[in-house]
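Colleague: pasting the structure only:
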């Protein structure tokens, strides 16, 4: 079990666009591709999370959430770094999220049209301080998607450049010089 | 370096900041030296598994898994316990101890010890520090003065490589310095504001153990220029900062006189009652639990303050029923630490046209300004202060989709954010003690250390003064949104615990003489934090290294004369 999980983790750390963990012709839609220790999701929920992450940070001319498998990073962080109560609230909130979406638009989030997704998320965004499970779920996915994106190789080598070996330190430079 | 050899000229217990120095000094002069380290070996470059990893290469982006945090509440409180360096920090359950009062004991059990993890801040003590106890009537008088230690500060600074400016301050003597890096705009600005408003307060570049420009001696150690990565806790591929692993241990190994034995838990020092001296060290192999006895003419105890106390307390004989050298009854008492509870934060809306570029391994520093020339406040002694700041991009997290993506690409910089940390002297007291638990033992059969250490009124008054003074100074500098924070952290999280085996002139009230020898057992020397009679405010490692080199030199002179 542990060996499988480590294998899965190593794979998705370096996964790039389009590569699934299990060949798609073999994928059992009802099973998730990641093995989690502390809670379970199914294949449909995993796919929904991929779509939700991508809606939050889409690919444009630059990579988006799917390109960096942000939803898999989010699941890993939830599994390893969150406490049990938060994991349970996340799962409850995810189920509520899907239920509400289906109630409003007749289909799960992954199958909704872009305008429907946007409208659904706008409502949740406008309710930012709500304390219900759905809000917790959305806020958590958003936060972890942002973390995946802003700690990704793409972001840290192109947008907010991080130098592993800066060499020099300059104590005072004009703002324009570092743009 | 015969594998079966158990007889040496010198045994050094510990391979960290001071153990490494003792090894270097003795090996340089041709003495066969055994260094005993209880943890595993960490070889420079080879054993730094995370040092070249980018942020995205860490499984949890630096965060420790929840299970690990729950299992290690003490280690988790330490700022260095993250994915890139947690492997150098002792796990709570592997080395239990007893907290009679809350105390966070942070340890690094490997070759190099905490010299791998330290913040590299280095300041000399001044005359005002060594005179403190005598002038202000606490602890006991130091048996040395600044003039005794000054040449040894110079000696170690040159080898270690210390970056700093000659500031000309009596309260913080200048040293042998490599060039200083630039201070940041905000540090320079704050310096101007403080020195305009206060005649006796100074903001200086915080001296640090970084090779800003290596000298030949550093190149000879195999070390190179610091690249300002600020990832020191991982171990440095450039040897840019000082640690035993990149510096003193390889140097000692090159002489051919060093035997380094990791996985060696020291049970006790062996005292020969007939000879009236220590003859060796009893070691329990950490992995096999085999007991081995090593002999030497001279023993240096550099196991770090608390473990040095533990070893001495556990070294019992009919001559010394209360621990080796403990005729005074003072062993394990007058334990102290640094008061690190108080912090400031604020922002500055000016200096909009400038920012920093890159990362500095140091910052700015205010030497102690309270009660320096005379006793003036309602508390004894005082505090030094760190100061630093920076500007971050004004990212927004609103919305989703392209709007969010654009928000995360914002380039505009926000206001300067600044912060300060208080580093307060604490007064050693008989009531702050370390002792052996009467019942509990660790997996090597050694009694657990029991810690009874707490803050006092002096500490609380000092925190109050720090908040008042810094708020005033921040306000005068035009900082806004000024916040004070008392972390209420337990003693120990400062990682500057010291004392229990203090130096002093009188064997009735101290353990060590002015050469760091146990008064009652002259071939045993203690030169790590346990020796400290008072704590002052300075980051202590540089002082520990200077005392170690000085004591080793004295020990060798005595050995040449046949006295030891």
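Modeller: Yep, that arrived. Quick caveat: nothing in here was measured; it's all calculated off a predicted structure.

Colleague: and residue B:425, its phi and psi?
Modeller: Summarising the backbone geometry of residue B:425 under the convention degrees, to the nearest 10, its torsions are phi -70, psi 140.

Colleague: nearest spatial neighbour of it, chain-adjacent residues omitted?
Modeller: Spatial nearest neighbour of residue B:425, excluding adjacent residues (C-beta to C-beta, 6 or more residues apart in numbering or on different chains): residue B:381 at 4.1 Å. All C-beta atoms are positioned from the backbone trio N, CA, C, and that covers glycine.

Colleague: what is the neighbour count of whichever residue of chain B sits closest to chain A?
Modeller: In chain B, the residue found nearest to chain A is residue B:182; the distance is 3.1 Å by C-beta to the nearest C-beta. When neighbours are counted by other C-beta atoms under 10 Å in any protein chain shown, residue B:182 registers 18.

Colleague: who's in contact with the closest residue in space to it that isn't next to it in sequence?
Modeller: Computed as C-beta to C-beta, 6+ apart, the closest residue to residue B:182 that is not its neighbour in sequence is residue A:171, at 3.1 Å. Listed by C-beta atoms under 8 Å, 6 or more residues apart in numbering or on different chains, the contact set of residue A:171 reads B:181, B:182, B:183, B:184, B:185, B:187, B:188, B:356, B:360.

Colleague: and which of these is nearest to residue B:264?
Modeller: Here the nearest of the contacts of residue A:171 to residue B:264, counting by C-beta to C-beta, is residue B:360; it sits at 38.1 Å.

Colleague: pLDDT at that closest one, what is it?
Modeller: At residue B:360 the predicted local confidence, pLDDT, stands at 97.

Colleague: count the neighbours of it for me.
Modeller: Around residue B:360 there are 24 other residues, counting by other C-beta under 10 Å.

Colleague: the residue of chain A found nearest chain B in helix, strand or coil?
Modeller: Proximity to chain B, evaluated over chain A using C-beta to the nearest C-beta, is greatest for residue A:171 at 3.1 Å. In the three-state summary, residue A:171 is assigned as strand, counting by DSSP: H, G, I helix; E, B strand; the rest coil.

Colleague: partner residues bridging residue B:272?
Modeller: residue B:277 (DSSP bridges).

Colleague: excluding its backbone neighbours, what's nearest residue B:159?
Modeller: Taking C-beta to C-beta, 6+ apart as the measure, residue B:159 lies nearest to residue B:217, with 6.1 Å between them; neighbours along the chain are not counted.

Colleague: doesn't residue B:160 make contact with that neighbour?
Modeller: No - counting by C-beta atoms under 8 Å, residue B:217 stays clear of residue B:160, with 9.7 Å between them.

Colleague: what's the local residue count around the residue lying closest to residue B:506 once chain neighbours are set aside?
Modeller: With C-beta to C-beta, 6+ apart as the measure, residue B:140 is the residue that lies nearest to residue B:506, at 6.9 Å, once sequence neighbours are left out. Residue crowding around residue B:140 was assessed by other C-beta under 10 Å; the count is 20.

Colleague: about what we covered before: which strand or helix spans the residue of chain B closest to chain A?
Modeller: Remark: residue B:182 resides in no helix or strand, with elements defined by DSSP states H and E.

Colleague: what sits against it?
Modeller: Residue B:182 makes contacts with A:169, A:170, A:171, A:172, B:360, as judged by C-beta under 8 Å, 6+ apart.

Colleague: so what pLDDT did it get?
Modeller: 96.

Colleague: tell me the backbone dihedrals of it, please.
Modeller: Geometry field for residue B:182 lists phi and psi as phi -70, psi 150, criterion degrees, to the nearest 10.
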